[in-house]
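K.L.:
Quick one: sequence and predicted model below, then my questions.
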Amino acid sequence: MKVLNNKILITIQNAGKTKSGIILTSTDKIIAEVGTVKEIAKEVKKVKKGDKVLFKSYSLDIVEVDDAKYVFLDEKDVIAIF
């Protein structure tokens, strides 16, 4: 799959809690999620394929393919790289 327009394709790994136990929710609404970068558009500069990232989870473009959930988002919505 070729990702366009400064977008990043991420697989969602964890909803609401990091591996170290940090809870990422606010009154039962998830505000951030962790995922792995699968593909990037050529314009993306700070994130690399394979990076594990924390990203904002509001207004996501979620796509399900073969029981896996993928998210398309802008590079500016990545909060941190692990």
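P.N.:
Alright, I've got the coordinates.

K.L.:
which ones are touching residue 38?
P.N.:
Applying CB atoms under 8 Å, 6 or more residues apart in numbering, we find residue 38 in contact with 9, 10, 11, 49, 70. Just so you know, the C-beta spots here come from the backbone N, C-alpha and C atoms, and that holds for glycine as well.

K.L.:
now with 6 Å?
P.N.:
Under the criterion of CB atoms under 6 Å, 6 or more residues apart in numbering, the contact list for residue 38 reads 9, 11.

K.L.:
Can you point out the helix or strand that includes it?
P.N.:
Assigned by DSSP states H and E, residue 38 belongs to strand 32-40.

K.L.:
Tell me the strands beside that strand, with direction?
P.N.:
Within its sheet, and counting by DSSP bridges, strand 32-40 is paired with strand 7-15 (antiparallel), strand 52-56 (antiparallel).

K.L.:
Quick one, which of those strands gets closest to residue 75.
P.N.:
Checking these against residue 75 by CB to CB gives strand 7-15 as the closest, at 6.0 Å.

K.L.:
now what about that closest one, what contacts it?
P.N.:
For strand 7-15, the surrounding residues in contact (CB under 6 Å, 6+ apart) are 3, 30, 33-41, 47, 69-73.

K.L.:
Least confident secondary structure element in the chain?
P.N.:
In the chain, the helix or strand scored least confidently by mean pLDDT, DSSP states H and E is strand 25-26, which has a mean of 52.
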